[in-house]
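In: compute the structure for the input listed below.
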Amino acid sequence: MSQPAHRKFTPLSKLPNFDPQKVPVAAVDSHLPPVGSERLQAPALRQRFALPPAWDVELRQEPPTGNRSPMPAAVLVPIVLRAEPTLLLTQ
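Out: Predicted coordinates:
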């Protein structure tokens, strides 16, 4: 079964000569102070996620990147519960 025309796209991994290691870094936040270790402990994280801040949707018109229609997307930020909680980063 073929995909509708608006859903056809090429994944970045299939683009010729695409190397994620060569994508330039836009910014590094080394000027920010480190997060205190007490705020990275499981009880503090549970409390923080139990009462999320109010958030308003930021609407902006994205420039077109092709001929396909926009599609819903999400970002998963997995926190691994260890002696010190860590983020799971994938490539």
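In: what's around residue 79, how many residues?
Out: By the criterion of other Cβ atoms under 10 Å, residue 79 has 13 neighbours. Placement of C-beta: from N, CA and C, glycine included.
In: torsion angles phi and psi at it?
Out: phi -110, psi 120 (degrees, to the nearest 10).
In: can you pull the pLDDT of it?
Out: Looking at residue 79, its pLDDT stands at 88.
In: who touches it in this structure?
Out: Counting by Cβ atoms under 8 Å, 6 or more residues apart in numbering, residue 79 makes contact with 45, 85, 86, 87, 88.
In: need those in CSV (columns: secondary structure, neighbour count and pLDDT).
Out: Below are the contacts of residue 79 laid out as CSV (DSSP: H, G, I helix; E, B strand; the rest coil; neighbours: other Cβ atoms under 10 Å; pLDDT from 0 to 100):
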residue, secondary structure, neighbour count, pLDDT
45, helix, 14, 87
85, coil, 14, 85
86, strand, 12, 85
87, strand, 8, 87
88, coil, 9, 86
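In: between the residues you listed, which is closest to residue 17?
Out: residue 88 (28.4 Å; Cβ to Cβ).
In: thought the closest one was touching residue 81?
Out: No: at 10.8 Å, residue 88 does not count as touching residue 81 under the criterion of Cβ atoms under 8 Å.
In: may I ask which helix or strand of the chain has the lowest mean pLDDT?
Out: Here the helix or strand of the chain ranked lowest by mean pLDDT, DSSP states H and E is strand 86-87, holding a mean of 86.
In: and the contacts of that one?
Out: By Cβ under 8 Å, 6+ apart, strand 86-87 touches 77, 78, 79, 80.
In: if we use 6 Å, what do you get?
Out: The contact list for strand 86-87 (Cβ atoms under 6 Å, 6 or more residues apart in numbering) reads residue 80.
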